[in-house]
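Chemist: Give me a 3D structure for the following:
(one chain, ligands or ions: 1)
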Amino acid sequence: MSLVTMVNMRKEFGKTVALDDFSLTIPEGSLVSLLGPSGCGKTTALRILAGLLKPDKGRTMFDSVDVSATPASQRDIGMVFQAYSLFPNMSARSNVEFGLRTRKMAADQIKKKVDDIFEIIGLGEHQNKYPFQLSGGQQQRVALARAIVIRPKVLLLDEPLSALDAQVRNQLRDEIRRVQLEFGITTLFVTHDQEEAMTISDQVGVMHQGRLLQIDKPQIVYDLPANPIVARFVGAMNEIPVQIGGSKVTLFGETFDIAPRSQLSPSSNSHLALVRPEALTLSRGTSQGGRATVLRSSFLGATSLVHVKLDSGTQISVHLSAHAALEFPAGQTVSVQANGPQILVASQ
Ligand code: ATP
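Modeler: Model (predicted):
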């Protein structure tokens, strides 16, 4: 395992700027996710880190060693891709043994390492099957085992779960995290699924148009997004038209400070408050706050999302406990209030 750094990367494909002044540090033994919409440059960053793609500019370092000119095969990297990439003509066990054999490890050592890893991924009884005899989740487990059995300096995971159904995805997600922690492998995980990134990462990096907008602990990216683009991409967000005056914003009849991370354009007089569903409360009647009518509720288990229509016509969602949401049936007149003290605002 290593401390990994990518410094001032730039990569263009014709007129497309895939990476633009992109720098990233992955602390030794930690799992960092790159999160962002399709085409924002996540895979390009991962492929450069793997040595599969040459950047136009920038350096890659493992610890204090510059590996920019080191070919992929010598970077000591384990990779798992979205598409199951096992050798189809080899059993699961032979797939996992492959990397150790090419390293000319002694047969008894190979046996021990491979036995151990099958134990860890819980696929001992399937090890003699061929890939076509394994489910998608099992194949990705074998791919993970094959990537980590060589004890790589860095593990690269490129959307490894996106072809799996929801239940298997969640299971394997937890398993990846467990194995990554157990082995202490420095890992880069690329995904466009924010829940996936938030759940398993030490840090989440949010990308947009080739740039890294913010990288921090999941909770901080969620609670204190660096700007409205990050706020909109990570977690659900209500967008409510508001009036601003100086450093204050008026929302539902109350005045709040404008959050410092807001993006206000001086030339615009159309502004949106960006408020998370759990940062709003509802009360019955219209005594105070913004007047609204309940449209419907979405039951999520322990919690519910109550969808309401403000008198202005804007539809928003409020996150309540499932029990509390029972008080607000469809058609009920309610008032909405925001929790302060600051509100994030973006100009349109
Ligand atoms: P996705 O989540 O859809 O995989 P991504 O964030 O991984 O997207 P990249 O694959 O890194 O995005 O692509 C970034 C940009 O570079 C995109 O506009 C893409 O079309 C472009 N691009 C990537 N690879 C090439 C290539 N080999 N030739 C031309 N353009 C490319």
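Chemist: which parts of the one helix or strand P241 maps to are buried?
Modeler: Using DSSP states H and E, P241 sits within strand 238-245. Across strand 238-245, burial judged by 16 or more other Cβ atoms under 10 Å covers 238-240, 242, 244. Yep, even glycine has a C-beta here, placed from its N, CA and C like the rest.
Chemist: What of stretch 95-113?
Modeler: For stretch 95-113, a neighbour-count test (16+ other Cβ under 10 Å) marks 95-100, 105, 110, 113 as buried.
Chemist: count of residues packed around S335?
Modeler: 19 (other Cβ atoms under 10 Å).
Chemist: Please disregard the earlier target; I meant L172.
Modeler: The burial count for L172: 20, using other Cβ under 10 Å.
Chemist: what does D116 give?
Modeler: 12.
Chemist: can you name the farthest residue from the center of the protein?
Modeler: In terms of distance from the mean C-alpha position of the chain, S287 ranks first, at 40.4 Å (Cα atoms, centre = their mean).
Chemist: What pLDDT is listed against that one?
Modeler: For S287, the pLDDT comes out at 74.
Chemist: Export stretch 187-195 to PDB, keeping only CA atoms.
Modeler: Taking Å, rounded to 0.1, in the frame of the first residue of the first chain, the C-alpha atoms of stretch 187-195 are listed here in PDB:
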ATOM      1  CA  THR A 187      -8.000   2.200  -3.100                       C
ATOM      2  CA  LEU A 188      -9.600   4.500  -5.700                       C
ATOM      3  CA  PHE A 189     -13.300   3.700  -6.400                       C
ATOM      4  CA  VAL A 190     -15.000   5.300  -9.300                       C
ATOM      5  CA  THR A 191     -18.800   5.500  -9.300                       C
ATOM      6  CA  HIS A 192     -21.700   7.800 -10.300                       C
ATOM      7  CA  ASP A 193     -23.800   6.400  -7.500                       C
ATOM      8  CA  GLN A 194     -23.600   8.800  -4.600                       C
ATOM      9  CA  GLU A 195     -25.100   6.500  -2.000                       C
END
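Chemist: The ligand contacts on this structure?
Modeler: 13, 16, 18, 36, 38-44, 192 (Cβ under 6 Å from any ligand atom).
Chemist: thinking again about what came up before, please convert the buried residues of strand 238-245 to TSV, extending it with pLDDT.
Modeler: Conversion of those to TSV gives the following (pLDDT from 0 to 100):
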residue	pLDDT
N238	95
E239	94
I240	95
V242	93
I244	92
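Chemist: Any idea how many residues pack against whichever residue of the stretch 51-200 of the chain sits closest to the ligand?
Modeler: In the stretch 51-200 of the chain, the residue that lies nearest the ligand is H192 (4.8 Å; Cβ to the nearest ligand atom). Counted by other Cβ under 10 Å, the residues lying close to H192 total 18.
Chemist: Same question for the one 5 residues further on.
Modeler: The number of residues packed around A197, counting by other Cβ under 10 Å, is 25.
Chemist: For the host helix or strand of V206, which helices and strands make contact with it?
Modeler: Following DSSP H and E, one finds V206 within strand 203-208. Other elements packing on strand 203-208 under the criterion 3 or more Cβ pairs under 8 Å, 6 or more residues apart in numbering; DSSP states H and E are strand 31-35, strand 211-216, helix 218-223, helix 228-233.
Chemist: Which of the residues in it are classified as buried?
Modeler: Here strand 203-208 shows 203-208 as buried, counting by 16+ other Cβ under 10 Å.
Chemist: likewise stretch 162-180?
Modeler: For stretch 162-180, burial by neighbour count (16+ other Cβ under 10 Å) applies to 163-164, 168-169, 172-173, 175-177, 179-180.
Chemist: ok, P152 - contacts?
Modeler: 76-78, 185 (Cβ atoms under 8 Å, 6 or more residues apart in numbering).
Chemist: Now that we have the residues you listed, can you turn them into CSV and tack on neighbour count, pLDDT and secondary structure?
Modeler: Conversion of the contacts of P152 to CSV gives the following (neighbours: other Cβ atoms under 10 Å; pLDDT from 0 to 100; DSSP: H, G, I helix; E, B strand; the rest coil):
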residue, neighbour count, pLDDT, secondary structure
D76, 14, 90, coil
I77, 22, 93, strand
G78, 23, 92, strand
I185, 22, 94, coil
